[in-house]
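*Asks:* need a 3D model of the sequence below.
(one chain, ligands or ions: 1)
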Amino acid sequence: MAKYQVKGSCGHDYEVRLFGSYDDRRKRLEWLATQPCAECRRAAQQPEFSITFEGDAAILVGVRRCFEIKEQLKNRGWRFDGATKTWRFRGDYPALKAELEFILEQGWSLDDDCEKFVEALLAS
Ligand SMILES: [Zn+2]
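*Replies:* Prediction:
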């Protein structure tokens, strides 16, 4: 067994422990270099949300991987928008805040715009 430093295709460096013959390890290292690191793979599989503004209404939008959680969203009052193929939640600020808290509790991710909105919301 030996430890190796790998740079994933995402650009992150991380350490792996590899077993087996020198040849197997070399092949495994070559393959790992073509893959994103574990953290980025996990992040890529999370649902991700954004925020958009229409007039003075703020609307939460499920931008990625929301199909698997559609029942949960539907039960919480989200609606699917066929035109943009996104799940959307429209509500007043307390309702939006509750949804954002729910999203964060689930460990789902927010894009940068949504992060900024959350910071402003929590500061207000
Ligand atoms: Zn990475």
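
*Asks:* could you list the low-pLDDT ranges of the chain?
*Replies:* Scanning the chain for pLDDT under 70 picks out 1, 124.

*Asks:* flag every residue of it that's near the ion.
*Replies:* The chain comes close to the ion at residues 8, 10, 12, 37, 40, as judged by CB under 5 Å from the ion. Any C-beta I mention is one placed from the backbone N, CA and C, and that applies to glycine too.

*Asks:* extract the CA atoms of the helix or strand that the last one is a member of and return them as PDB.
*Replies:* So the one you mean is residue 40. Element membership for residue 40 (DSSP states H and E) is helix 38-45. Taking Å, rounded to 0.1, in the frame of the first residue of the first chain, the C-alpha atoms of helix 38-45 are listed here in PDB:
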ATOM      1  CA  ALA A  38     -15.000  12.900  -4.200                       C
ATOM      2  CA  GLU A  39     -16.200  16.300  -2.800                       C
ATOM      3  CA  CYS A  40     -17.000  17.600  -6.200                       C
ATOM      4  CA  ARG A  41     -18.700  14.400  -7.200                       C
ATOM      5  CA  ARG A  42     -20.900  14.600  -4.100                       C
ATOM      6  CA  ALA A  43     -21.600  18.300  -4.800                       C
ATOM      7  CA  ALA A  44     -22.500  17.500  -8.400                       C
ATOM      8  CA  GLN A  45     -25.200  15.100  -7.200                       C
END
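
*Asks:* distance from the helix or strand that it is followed by to the middle of the chain?
*Replies:* Following helix 38-45 in sequence order, the next helix or strand is strand 48-54 (DSSP H and E). Its chain's average C-alpha position is 14 Å from that of strand 48-54, according to CA atoms, centre = their mean, to the nearest Å.

*Asks:* strand partners (parallel or antiparallel) of strand 48-54?
*Replies:* Partners of strand 48-54 in the sheet, by DSSP bridges, are strand 57-64 (antiparallel), strand 109-110 (parallel).

*Asks:* any chance of JSON lines for the ones you listed, columns mean neighbour count?
*Replies:* Shown next, in JSON lines, are those (neighbours: other CB atoms under 10 Å):
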{"stretch": "strand 57-64", "mean neighbour count": "19"}
{"stretch": "strand 109-110", "mean neighbour count": "19"}
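
*Asks:* sounds good, over and out.
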